[in-house]
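Student: please work out how this folds:
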Amino acid sequence: MAQERLQKIIARAGVAARRKAEELITQGRVRVNGQVVDQLGAKADAERDRIDVDGKPLRMPRASTYVLLHKPGNVVTTASDEFGRRTVLELISGVQARLFPVGRLDYDAEGVLLLTDDGELAASLAHPSNEVPKVYRAKVRGPVPEEALEKLRRGVVLEDGQAKGESVHRVPLRQPSNHEWIELTVSEGRHRMVKRMFEAVGYPVVRLRRVQFAGLTVEGLRPGQWRHLRKDELRALRAASRRTR
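Tutor: Numbers count the residues shown, from 1 in each chain. The predicted model follows:
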C-alpha cells in the first residue's frame with residue numbers, strides 16, 4: 001500500500017478524528033518503527049510500518065463501522081463524562097469498533113446522531129467548507145410572530161459571529177397549544193448555536209430535536225435505539241462529505 005500522511009492513517013484506524021490525530025503527533029505520542037514522529041508532514045505505510053500511539057500498536061480495521069443513533073435527552077455526546085452522566089456509547093452494545101460521535105448534540109437535545117470509527121469521513125463531514133445540512137425542530141413558547149422568524153432567516157448576531165437559518169418555518173400543530181414547533185436548517189455546528197439563535201430573537205428553546213443530519217433521519221427508531229447505516233445511506237454520506245475512495 002502507498003504511503004499516507006500519518007494523521008490520516010490514525011484517523012482511518014478510528015483512534016481519533018484527524019484534528020486530534022494531528023495533536024497526538026505534535027505531542028510526540030506517535031512512533032513509526034520505534035522512532036518518535038512529531039512532524040505533521042510525515043508519512044507511513046499502514047501495512048508495512050509499525051505505528052504506535054501512546055505505546056500501543058495501531059490496528060487498522062478491516063472495514064469501518066457506521067451507526068445511526070436516535071439520541072435521547074439527558075445523555076452526553078462524548079465517550080466518557082467526568083460528572084458520571086450517561087454517554088451515547090453506553091447506548092450501543094455489541095459493536096467491537098471504537099466508535100466516536102460525529103459532531104455533538106446538547107445534553108438535553110434529541111435526534112439524529114452518527115457514530116463511526118472512520119475518522120477521515122467524520123472530519124470531512126464536520127469541516128465547515130462542506131456545509132452539511134442539519135435540520136432541527138425547536139419547541140418554543142408561542143405564538144411566535146413572523147417578524148422573529150424573518151430575523152432568523154436574515155441572520156442574528158451571536159457572540160461568535162452571525163448565524164442564520166437557511167430554511168425557517170412553522171411545523172403545523174395537531175391540536176391547540178401554548179407552544180410552537182419551528183423547523184430550522186443550518187449548515188454550521190457551533191456550540192449551542194440553534195438555542196442561541198432563538199434566544200437572540202426572544203424565544204428560548206424548551207425542547208430541541210435534530211430531525212436530519214446530512215440526509216439521515218431516525219425514522220423507525222425510538223429514542224435510545226440504533227442501527228447500522230445502509231449502503232445507500234453511506235454512499236450519500238460520502239457524497240455529502242465530498243470524499244472519494
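Student: what does the helix or strand bottoming out on mean pLDDT in the chain rub up against?
Tutor: The helix or strand with the lowest mean pLDDT-type score in the chain, counting by mean pLDDT, DSSP states H and E, is helix 119-126 (a mean of 84). The contact list for helix 119-126 (CB atoms under 8 Å, 6 or more residues apart in numbering) reads 8, 10-19, 21, 64, 100, 102-103, 114, 116, 130, 132, 189, 214, 237-238, 240-243. In short, each C-beta sits where N, CA and C put it, glycine included.
Student: what do you get for stretch 215-228?
Tutor: For stretch 215-228, the surrounding residues in contact (CB under 8 Å, 6+ apart) are 65-73, 91-92, 110-112, 114, 133, 211, 229, 233, 236-237, 240.
Student: what comes up buried for it?
Tutor: Leu216, Thr217, Val218, Trp226 (16 or more other CB atoms under 10 Å).
Student: please apply the same query to stretch 136-149.
Tutor: Under 16+ other CB under 10 Å, the buried positions of stretch 136-149 are Tyr136, Arg137, Ala138, Lys139, Val140, Val144, Ala148, Leu149.
Student: wait, which of these is closest to Met60?
Tutor: Nearest to Met60 among the buried residues of stretch 136-149, counting by CB to CB, is Tyr136 at 35.8 Å.
Student: ok, now how distant is that closest one from Pro172?
Tutor: Distance of Tyr136 to Pro172, given as CB to CB, to the nearest Å: 17 Å.
Student: same question for Pro101.
Tutor: 31 Å.
Student: one more: Val218?
Tutor: Taking CB to CB as the measure, Val218 falls 20 Å from Pro172.
Student: over to Val95?
Tutor: For Val95 relative to Pro172 (CB to CB), the value is 38 Å.
Student: likewise Leu125?
Tutor: In this view, Leu125 and Pro172 are 31 Å apart by CB to CB.
Student: tell me which of those two has more neighbours.
Tutor: With neighbours defined as other CB atoms under 10 Å, Leu125 and Pro172 compare such that Leu125 has more, 23 against 6.
Student: for the more buried one, which non-adjacent residue is closest in space?
Tutor: Ser241 (4.9 Å; CB to CB, 6 or more residues apart in numbering).
Student: show me how this structure divides into domains.
Tutor: As assigned by automatic domain parsing, the chain contains the domains 4-57, 66-128+218-240, 133-213.
Student: for the least confident helix or strand of the chain, list every residue counted as buried.
Tutor: Buried residues in helix 119-126, defined by neighbour count with 16+ other CB under 10 Å: Gly119, Glu120, Leu121, Ala122, Ala123, Ser124, Leu125, Ala126.
Student: and the residue nearest the centre of the chain, how far is that from Val132?
Tutor: Central residue of the chain (CA atoms, centre = their mean): Gly103, 2.2 Å from the mean position. Using CB to CB, Gly103 is found at 9 Å from Val132.
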